[in-house]
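1. got a predicted structure here, sequence first:
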Amino acid sequence: MSDFLLETLLRSALLGAVAISVIGLLRKQSASLRHALAAEFVLVILALPFLALLVHRSTAPSLPAMPVRLHLWLAQSAPLVAGIAVAPAGGRSSLPITIGSLALWIWAVGAGILLLRIVLGLAVTGRWLRRSERVRGNIVQSPKTHVPLTFWLGRHRVVLPLHWRDWSRAELRSVIGHEFAHIRRGDWFTQLFASIACALLWPNPFIWKLSRELRRLAEHAADDLVISSGVTPSRYAEHLLEIAREAHATTPVLALSMAAKADVARRIEMILKPNQRRGAASLAALVTGGFVLTALSAPIATWAIGSGQKPASVTILATILNMKPKDFAGKAELTQGDLPSKPQPFALWMSTADAEASIKKSKKFVLSSPNIQTYSGLPASISLSTKDNGKTKTTELSFTPVIKGSSVSSSLSFSMPGQNGDVRRSLGTTFTKDKSLMVIMEDKIVIVRMSITPATKE
């Protein structure tokens, strides 16, 4: 999961950088055209994870559908072990926190906070709407705002400050024209998608810049529509400046404010600029932009997940020793709880170096060293069968390894015959290259190591 998140962030950063560059190169084009391209880029960036999964599903090599099973018949048997002489080195052990899992948690917390900010913004606008007074149609007035703004909650609303009656007829025409331009263009929805993209991909600086550019271009495009309706640029610039002087309060996250102070100077400059292209984006230009966007985004969406890639695999090495635990030379500590008071399967941690050295010293007791290769999420099991006084006794270890960065998180269950039926035990644990597991199963010791073979191109 952390690897997929990293790839998604890298893809979105690359496509975001391309988007900002393309929009910068088109600075002589109309704000409406550049805004449409920016909105298309945002939608494609949001769709990148789904495109990557789709490509991965269609090009990934097929994995075995059945669990990997290994059944061993052992020729030797030993009497039941009643206890264990290996003392626990340190009580309960905790699962290590990997860098990948920590990064995933940090991303989730950041995304959750930003998504909550969006929800709270909608709640604030809803509260404003309930306390507002209808003026005409979908135009309302509210004491909570000092500048005109537009938002959507089931339907579009234009919110005016209470002092709107002090405006001249021309000024009111400019305000209403600007806000209805946002409605006709659907700017609230494009800003919503941009806010969601910022929340989900918050470590990516390019998506934040693209979102700001999208909001800025939406205002410029609305200004162009007002001027195209017949309002003179100089008069409209005066109206915008007058309204901006009255702006001294923040607006909800998704509300489109007519006169945000941060961009007023630039907007007035563009309004008064002669020969400025102010036309709406043509269908031909949008289709052409869509083709260009597809050509740019397709290789980015499929990057690093292309066909011919063999997925990472997990190798499980289990060394089976026919010896009593008290005779085993090695240091170990319990994975969970305390030592059992009666014979039953349980597990202890060992360092891999200690395990290898101890196996070497106990070489004559080694019954078998099976090696199983499986894939992340695919179960694997080892069955050990012996005959004792004519009766077959089978003990089994089952694994479900999941690759997480440089470690393997695995559920582990093991069972052995008992007087009143099979005795079973299970636990969840994490293997690293420096960490091995010793499982005590009746009269045998099984030392388990897991390693990762990275994904390779075939």
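-> Great, that's in hand. Numbering: from 1, shown residues only.

2. mean confidence score for stretch 45-60?
-> The average pLDDT within stretch 45-60 is 68.

3. can you give me the helices in this structure?
-> Counting by DSSP state H, one finds helices in the chain at the ranges 2-25, 31-59, 99-130, 169-185, 187-200, 205-228, 233-245, 264-272, 283-302, 352-361.

4. got JSON lines for those, with distance to Gly154 and mean neighbour count too?
-> (Glycine included, C-beta is placed from N, CA and C.) Putting those into JSON lines (distance: least, Cβ to Cβ, whole Å; neighbours: other Cβ atoms under 10 Å) gives the following:
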{"stretch": "helix 2-25", "distance to Gly154": "31", "mean neighbour count": "18"}
{"stretch": "helix 31-59", "distance to Gly154": "22", "mean neighbour count": "19"}
{"stretch": "helix 99-130", "distance to Gly154": "9", "mean neighbour count": "14"}
{"stretch": "helix 169-185", "distance to Gly154": "14", "mean neighbour count": "19"}
{"stretch": "helix 187-200", "distance to Gly154": "12", "mean neighbour count": "20"}
{"stretch": "helix 205-228", "distance to Gly154": "21", "mean neighbour count": "21"}
{"stretch": "helix 233-245", "distance to Gly154": "27", "mean neighbour count": "18"}
{"stretch": "helix 264-272", "distance to Gly154": "30", "mean neighbour count": "16"}
{"stretch": "helix 283-302", "distance to Gly154": "28", "mean neighbour count": "14"}
{"stretch": "helix 352-361", "distance to Gly154": "61", "mean neighbour count": "16"}
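
5. return the residues in contact with the nearest residue to Ala353 once chain neighbours are set aside.
-> If the residues on either side of it in the chain are set aside, Ala353 comes closest to Asp434, at 7.4 Å by Cβ to Cβ, 6 or more residues apart in numbering. Contacts for Asp434 were tallied using Cβ atoms under 8 Å, 6 or more residues apart in numbering; they are 351-353.

6. roughly how far apart are Asp434 and Gly230?
-> 75 Å (Cβ to Cβ, to the nearest Å).

7. check Ala111 too.
-> Taking Cβ to Cβ, one finds Ala111 at 45 Å from Gly230.

8. for stretch 182-189, measure first residue to last.
-> 10 Å (Cα to Cα, to the nearest Å).

9. what does it contact?
-> So stretch 182-189 is contacted by 32, 35, 150-152, 156, 158, 218, 221-222, 225, 254, 256 (Cβ under 8 Å, 6+ apart).

10. closest one of these to Leu172?
-> Val158 (11.5 Å; Cβ to Cβ).

11. was I right about the closest one contacting Ile139?
-> Yes: applying Cβ atoms under 8 Å, one finds Val158 in contact with Ile139, separated by 4.7 Å.

12. the more surrounded of these two?
-> Neighbour tally, Val158 and Ile139, criterion other Cβ atoms under 10 Å: the higher count belongs to Val158, 24 against 17.

13. in the sheet, who's paired with the more buried one?
-> On the basis of DSSP bridges, Val158 takes part in beta bridges with Ile139, Thr150.

14. residues in contact with it?
-> Per Cβ under 8 Å, 6+ apart, neighbours of Val158: 138-140, 148-150, 176, 179-180, 183.

15. may I see those residues arranged in CSV, with distance to Thr395 and pLDDT as well?
-> Output for the contacts of Val158, formatted as CSV (distance: Cβ to Cβ, whole Å; pLDDT from 0 to 100):
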residue, distance to Thr395, pLDDT
Asn138, 73, 87
Ile139, 77, 91
Val140, 74, 91
Pro148, 76, 89
Leu149, 71, 88
Thr150, 70, 89
Ile176, 80, 92
Glu179, 75, 92
Phe180, 76, 93
Ile183, 71, 92
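
16. nearest to Val264 among the residues you listed?
-> The closest of the contacts of Val158, once distances to Val264 are taken by Cβ to Cβ, is Pro148, at 13.5 Å.

17. what pLDDT is listed against Pro88?
-> We have a pLDDT of 32 for Pro88.

18. now the one 10 residues further on
-> pLDDT, the model's per-residue confidence, is 60 for Thr98.

19. tell me which residues in stretch 143-158 are buried?
-> 144-152, 156-158 (16 or more other Cβ atoms under 10 Å).

20. same check on stretch 361-379?
-> 362, 365, 367-368, 372, 374-376, 378-379.

21. and it, how far apart are its ends?
-> 31 Å.

22. pLDDT averaged over that stretch - what is it?
-> Here the average pLDDT along stretch 361-379 is 81.

23. walk me through which strands the longest strand seen in the chain pairs with, and which way each runs.
-> For the chain, the longest strand by residue count, based on DSSP state E, is strand 391-404. Applying DSSP bridges, strand 391-404 is found paired with strand 380-388 (antiparallel), strand 407-416 (antiparallel).

24. the last one: how far from the chain's middle?
-> Centre-to-centre, strand 407-416 and its host chain are 27 Å apart (Cα atoms, centre = their mean, to the nearest Å).
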